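Colleague: Take a look and give me a structure for this.
(chains A and B)
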Amino acid sequence: MIKVENLTKTFDERRAVDNISFEVGRGEIFAFLGPNGAGKTTTIKMLTTLLEPTSGKLELNGFDPIKDPGEVRKSFGIVFQDASLDTELTAYENMEIHAVLYGLSKDLYQKRIDELLFLVELADRRNDLVKDFSGGMKRRLEIARSLLHHPKVLFLDEPTLGLDPQTRNLLWNYIKDLNTKEGITVFLTTHYMEEADKMANRIAIIDHGKIVGSGTSAELKESTQTTSLEEAFLKLTGHSVREEGGENQMRQAARLWGGGNRR
Amino acid sequence: MKTIYILWQRQLKRYLRSKSRIVGSLGQPILFLLALGYGFGPVYSQAGGGNYIHFLAPGIVAMSILFTAIFSGIEVIWDKQFGFLKETLVAPVSRINIMIGRTLGGATVSVVQGLIVLILSMLFGFRPNSWGTLLALVIMFLIALLYTALGTAIASILEDMQGFQLIMNFLVMPSFFLSGALFPLRGLPKALTVVTRINPLTYGVDALRGSLTGIYQLSLSLDLIVLTSVSVIVLGVGSYLFTKIKA
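Modeller: Numbers count the residues shown, from 1 in each chain, chains lettered A, B, ... in the order given. Below is the predicted model:
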């Protein structure tokens, strides 16, 4: 479903992604792990047509994100690391804009929106403004929205960041369910190792733009001779704390602003 | 087409829901009409200029369109910071359509705001030609389009709201004060004449005043030519910059 071959992305002199290759099969749940600034989000941006690679080959659902961005965009749904909802609109209106952008017809999307809102337990908040939603509700809405156009691949970039354990658990249950029932391929990143351990069929660990380990959770533990994925992760990526880049600072600033209350 | 429509609708919904923004942005036009209109009125008529409110009101309408339009364009920065922009950029639609939808939406909102100020100015004694109002609507829309596109173009380059004061003080305010919205263009010092003639808003204000009161200081055809061509250029540049936004 996803093919990445010798992918490299350089910003000025810095190699954010350095010659990585991996494949994700149809219906797989694939966890892409790494410390801050390791290159996870950059890789996702390249796969989702937001960024052009410096070199290397990419394929998603059989299409090339550079040559055929339209087809690639139709093939995936994404939940970004940061909220991407219009908080001045209602849950339904956010969904509706998405449906129209993806070219769904009205009688089709009206039904689908209600189904999905029901699925993420937001049916009763359908006509409420998103700015009154909690963090967990916003996340659920974003997941519902990303599924609206029946994507083949779902990208989840730290979807549970800043959520309480109850909400996290709930979200992963939805995602697992979708994966088994609808066969959606899931590509996720997270900092919670136990989530990756529980959810993913396969895991790749990236550090300084390079893949330093990949395989099932059991394989990773075995090859590093550790007993938990967290230990395996630390063994592969080291214990030093990473500097956060400018992008992260902007993200934090956006969060401080409340991520919703404009002005 | 549907993309353009839904994004146009989004701008309108956001505008209609922000009651405080609508009311808040009426404060300035009212203050100007009151302080300048009544304050300079006597001097103006003694100097043989006639009714100053009659002269001033179209300028104030143009001002509120200018402000609202620039803000609507600059909202792209908020969408950048709050993430909604990304949602549109990964969708299988062309960026040009996204830009058109937003810009038309922002322009519509600005025209509505301008109409509210026009009606308000009538409470202050302004009496527009009823027939001219139709032409005035077209001109209001042109002004709105021009400055929404300009706002979008600027927002496409800026990363955050840090540059906002710069835009206010070096672009928006001078555009307004040096447009002939407040004073007649005749008999100005040479340098000021040059500046007013370079400023596209001058032509917008003149056309708006002409259509509403029948008094042109330049000419309607010149106004329309300048407004239309500058709008086309800015829309082109704005669209180009918008398609180059990095997510």
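Colleague: Return the residues of chain B in contact with chain A.
Modeller: B:2-3, B:5-7, B:10, B:13-14, B:17-18, B:21, B:78, B:81-93, B:159-160, B:246-247 (Cβ under 8 Å from any Cβ of the partner chain). Every residue, glycine included, has its C-beta placed from N, CA and C.
Colleague: ok, A:L156 - contacts?
Modeller: By Cβ atoms under 8 Å, 6 or more residues apart in numbering or on different chains, the residues touching A:L156 are A:78-79, A:143, A:175, A:186-190.
Colleague: In helices only, show me those.
Modeller: The helices in this structure, assigned by DSSP state H, contain A:143, A:175 from these.
Colleague: roughly how far apart are the closest residue to B:T243 other than its chain neighbours and A:T49?
Modeller: Across the structure, with Cβ to Cβ, 6 or more residues apart in numbering or on different chains as the measure, the residue nearest B:T243 apart from its sequence neighbours is B:R95 (4.3 Å). Between B:R95 and A:T49 the distance is 11 Å, computed by Cβ to Cβ, to the nearest Å.
Colleague: How about B:G48?
Modeller: Here B:G48 is placed at a distance of 64 Å from A:T49 (Cβ to Cβ).
Colleague: circling back: what's the pLDDT at the residue nearest to B:T243?
Modeller: At B:R95, the pLDDT value in this model is 91.
Colleague: repeat for A:N248
Modeller: In the prediction, the pLDDT value recorded for A:N248 is 53.
Colleague: Ok, B:G49 next?
Modeller: Among the per-residue scores, B:G49 holds a pLDDT of 86.
Colleague: Could I get the phi/psi values of it?
Modeller: Main-chain dihedrals, B:G49, degrees, to the nearest 10: phi -80, psi -20.
Colleague: about what we covered before: nearest to chain B, of the contacts of A:L156?
Modeller: A:I78 (6.0 Å; Cβ to the nearest Cβ).
Colleague: Just give me the neighbour total for that closest one.
Modeller: A total of 26 residues lie near A:I78 under the criterion other Cβ atoms under 10 Å in any protein chain shown.
Colleague: tell me which residues form a beta bridge with it?
Modeller: On the basis of DSSP bridges, A:I78 is bridged to A:F155.
Colleague: check contacts around it.
Modeller: Taking Cβ under 8 Å, 6+ apart, we find A:I78 in contact with A:44, A:48, A:146, A:154-157, B:90.
Colleague: tell me the average confidence for the helix ranked longest in chain B?
Modeller: When chain B is scanned for its longest helix (criterion: DSSP H), the result is helix B:52-82. Averaging pLDDT along helix B:52-82 gives 93.
Colleague: just checking, what packs against the helix or strand that that helix is followed by?
Modeller: The element immediately downstream of helix B:52-82 (helix or strand, assigned by DSSP states H and E) is helix B:84-89. Taking 3 or more Cβ pairs under 8 Å, 6 or more residues apart in numbering or on different chains; DSSP states H and E as the contact definition, the neighbouring helices and strands of helix B:84-89 are helix A:91-101, helix B:52-82, helix B:95-123.
Colleague: Could you identify which of those is most buried?
Modeller: Ranked by mean neighbour count, the helices and strands packed on helix B:84-89 are led by helix B:52-82 with a mean of 25 (mean count of other Cβ atoms under 10 Å in any protein chain shown).
Colleague: tell me the angle that one makes with helix B:95-123.
Modeller: Here helix B:52-82 runs at 150 degrees with respect to helix B:95-123, directions being taken by axes from the mean of the first three to the mean of the last three Cα atoms, to 10 degrees.
Colleague: show me where pLDDT drops low in the stretch 151-263 of chain A?
Modeller: Residues of the stretch 151-263 of chain A meeting the criterion pLDDT under 70: A:243-263.
Colleague: need the helices for it, in chain order.
Modeller: For the stretch 151-263 of chain A, the helices identified by DSSP state H, counting those that start in this stretch occupy A:165-182, A:193-199, A:217-224, A:229-237, A:246-256, in order along the chain.
Colleague: Take those and write them to TSV, including mean neighbour count and distance to chain B.
Modeller: Compiled in TSV, the helices of the stretch 151-263 of chain A are given as follows (neighbours: other Cβ atoms under 10 Å in any protein chain shown; distance: least, Cβ to the nearest Cβ, whole Å):
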stretch	mean neighbour count	distance to chain B
helix A:165-182	15	18
helix A:193-199	19	22
helix A:217-224	16	30
helix A:229-237	19	27
helix A:246-256	13	5
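Colleague: Could you save those helices as JSON lines and add columns showing distance to B:G187?
Modeller: What follows is these, written out as JSON lines (distance: least, Cβ to Cβ, whole Å):
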{"stretch": "helix A:165-182", "distance to B:G187": "69"}
{"stretch": "helix A:193-199", "distance to B:G187": "74"}
{"stretch": "helix A:217-224", "distance to B:G187": "82"}
{"stretch": "helix A:229-237", "distance to B:G187": "74"}
{"stretch": "helix A:246-256", "distance to B:G187": "50"}
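Colleague: now for the ones you listed, which one comes closest to A:D18?
Modeller: Across the helices of the stretch 151-263 of chain A, the minimum distance to A:D18, taken as Cβ to Cβ, is reached by helix A:229-237, at 14.4 Å.
Colleague: Count the residues that sit near B:S130.
Modeller: Each residue near B:S130 was counted by other Cβ under 10 Å, and the total is 8.
Colleague: All set now, cheers.
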